[in-house]
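*Asks:* A predicted structure for the sequence below; I have some questions about it.
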Amino acid sequence: MPKDSLRITKMRIVKSNCNFEREPLISPFGFKGGYLSELWQSVVILEDDNGNKGIGLGVQSTLWSDASIFTSYSESAGNSIMFLMTAFAAQQAKHLSWQSPIDLLDQLLPITYDCGKKITGNPHLRLTFALNALVPVDNAAWVVYCKANGMTSFDQMIPDQLKASLPCHHDKLGAIPLLTYGVPLEQIKTILEDGYFFLKIKIGSDPNKDDNLDTMLEWDTNRLKDIHSLASQYSTPYTSNGKLAYYLDANGRYNKEHLLKLLRYAEKIGALEQIILVEEPYPEECLIDVSDIPVCVAADESAHSTRESLERIKLGYKAIALKPIAKTMSMSLQIAQAAYDKNIVCFCADLTVNPVMVDWNKNVAARLAPLPGMKIGVLESNGHQNYKNWEQMKSYHPCSGATWTNIKNGIFTLGDDFYSQSGGILKPMNKYADMFH
């Protein structure tokens, strides 16, 4: 494989284009107290001065990346703003020279962020909104970069200085389904019967749409009780205690008082020992120390970059949710290394992405060390639960039908073919290429 010192030191994009598709969801997707009805799939194509072309995909989530944009505009208008930022970045890439996709992101992020602030008129736009817009540009840049440097695998493309944070080659990943507010108990029972053993549970509901924290807590405790009463009937060989694992995602809806009340209730019903993670309990602007919280607290959307990630680690956060499919591969690789240097664990969370992007995420998840309390790696993937046209979308994958693309008994099985083909992420993507003909 090419060593860093032998890689092309100056790259230029000479052509770029972008497009998008709207993918409907089976039913409204609830989190952060709001609901999505569709997800825009953005597509970027880049070509360098040597004719190397790369296609990158993205999934836009305005509600996740900046809820204020979601609530200030119609769903379509918010998506249009993010897509304009993607188009801006794809155009600006033609005016820059760069050594690696990480270098390109360093140049594109500040100007794309400023573009977003101007479009929205919001000087406090969250950085994650810009990163979400940049995902397809970054992915396309990685494909061009690999072609230009003769790299044919994900292992080859990881910069040498960032490899330490990705030491594993798991042969199994536990698939994490998402239990949003509206998933009925009958469906949760089916999920458990299908072998899933690591449940991501959305908390922070706003049933009366009045932001009342006591009502939220009551709803969440009842929800946890109902889910735990089902899940406690099952066991798994993949956790240290043999019990199913819970991952509570608050999306910044809690304060410390209500979080501790929730955890005391979890202890009362015997669920506390099964809570592997509590993610983003507090609003991002609340820099509260979490060292005394009796579970592992994880940062997600507040960990925009390495700087914010290190800030959260100082506050006692013990895990970071990597989202190569939401915060770019370039930023996520840097966050993973920064966390590794501080002995902080990472895992890969979803953004309800398409099947191709699942494998961008999977390539990172397959190489991360297991979370405490887990015997294998994990990967959140909930697209199959939420997209109306999921089976059709699977056919767009260049390795459609490969064993690693399917979940069986709650597990992604990763063989040598997954690693040799890097999950198909560097292969031609004919369906998406046809969008530019």
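*Replies:* Perfect, thanks for sending it.

*Asks:* what's the neighbour count on the closest residue in space to Glu301 that isn't next to it in sequence?
*Replies:* Leaving aside its sequence neighbours, Glu301 sits nearest to Thr128 (Cβ to Cβ, 6 or more residues apart in numbering; 5.2 Å). C-beta: built from backbone N, CA, C; applies to glycine. By the criterion of other Cβ atoms under 10 Å, Thr128 has 24 neighbours.

*Asks:* immediately after the helix or strand encompassing Thr128, which helix or strand?
*Replies:* According to DSSP states H and E, Thr128 maps onto helix 127-148. Where DSSP H and E defines the elements, the next helix or strand beyond helix 127-148 is helix 154-157.

*Asks:* quick one: average confidence on that following helix?
*Replies:* Across helix 154-157, pLDDT averages out at 97.

*Asks:* now what about it, what contacts it?
*Replies:* Met1, Pro2, Trp142, Tyr145, Cys146, Met151, Asn363, Tyr419, Ser422, Gly423, Ile425, Leu426 (Cβ atoms under 8 Å, 6 or more residues apart in numbering).

*Asks:* I'd like to know which elements whichever strand or helix holds Gly58 is packed against.
*Replies:* Secondary structure assigned from DSSP H and E places Gly58 in strand 53-59. Strand 53-59 is packed against strand 34-48, helix 127-148, helix 324-327, helix 355-365, helix 430-433, with contacts defined by 3 or more Cβ pairs under 8 Å, 6 or more residues apart in numbering; DSSP states H and E.

*Asks:* at 10 Å what do you get?
*Replies:* strand 11-31, strand 34-48, helix 75-92, helix 127-148, helix 324-327, helix 355-365, helix 430-433 (3 or more Cβ pairs under 10 Å, 6 or more residues apart in numbering; DSSP states H and E).

*Asks:* The residue nearest to Glu301 and Leu277, how far apart?
*Replies:* According to Cβ to Cβ, to the nearest Å, Thr128 stands 19 Å off from Leu277.

*Asks:* And for Ala365?
*Replies:* 14 Å.

*Asks:* now the strand holding Gly58 and helix 127-148, what's the angle there?
*Replies:* Using axes from the mean of the first three to the mean of the last three Cα atoms, to 10 degrees, one finds that strand 53-59 and helix 127-148 are set 150 degrees apart in direction.

*Asks:* Parallel or antiparallel, list what pairs with strand 53-59.
*Replies:* strand 34-48 (antiparallel) (DSSP bridges).

*Asks:* quick one: buried residues of the strand it pairs with?
*Replies:* For strand 34-48, burial by neighbour count (16 or more other Cβ atoms under 10 Å) applies to 34-36, 38-48.

*Asks:* In CSV, list the C-alpha atoms belonging to it.
*Replies:* The C-alpha trace of strand 34-48 is given here as CSV (Å, rounded to 0.1, in the frame of the first residue of the first chain):
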residue,chain,number,x,y,z
GLY,A,34,-40.3,16.4,16.6
TYR,A,35,-41.1,14.2,13.7
LEU,A,36,-39.6,13.6,10.2
SER,A,37,-41.7,12.4,7.2
GLU,A,38,-38.9,11.9,4.6
LEU,A,39,-35.2,12.0,4.3
TRP,A,40,-33.3,13.6,1.4
GLN,A,41,-30.5,11.5,-0.1
SER,A,42,-27.9,13.9,-1.4
VAL,A,43,-25.4,12.8,-4.1
VAL,A,44,-22.1,14.5,-5.1
ILE,A,45,-19.8,13.7,-8.0
LEU,A,46,-16.2,15.0,-8.0
GLU,A,47,-13.5,14.7,-10.7
ASP,A,48,-9.8,15.6,-10.3
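
*Asks:* I'd like the average pLDDT over it.
*Replies:* Mean predicted lDDT for strand 34-48 stands at 93.

*Asks:* residues of the helix or strand Tyr246 falls within that come out buried?
*Replies:* Element membership for Tyr246 (DSSP H and E) is strand 245-249. Neighbour counts using 16+ other Cβ under 10 Å place Ala245, Tyr246, Tyr247, Leu248, Asp249 of strand 245-249 among the buried residues.
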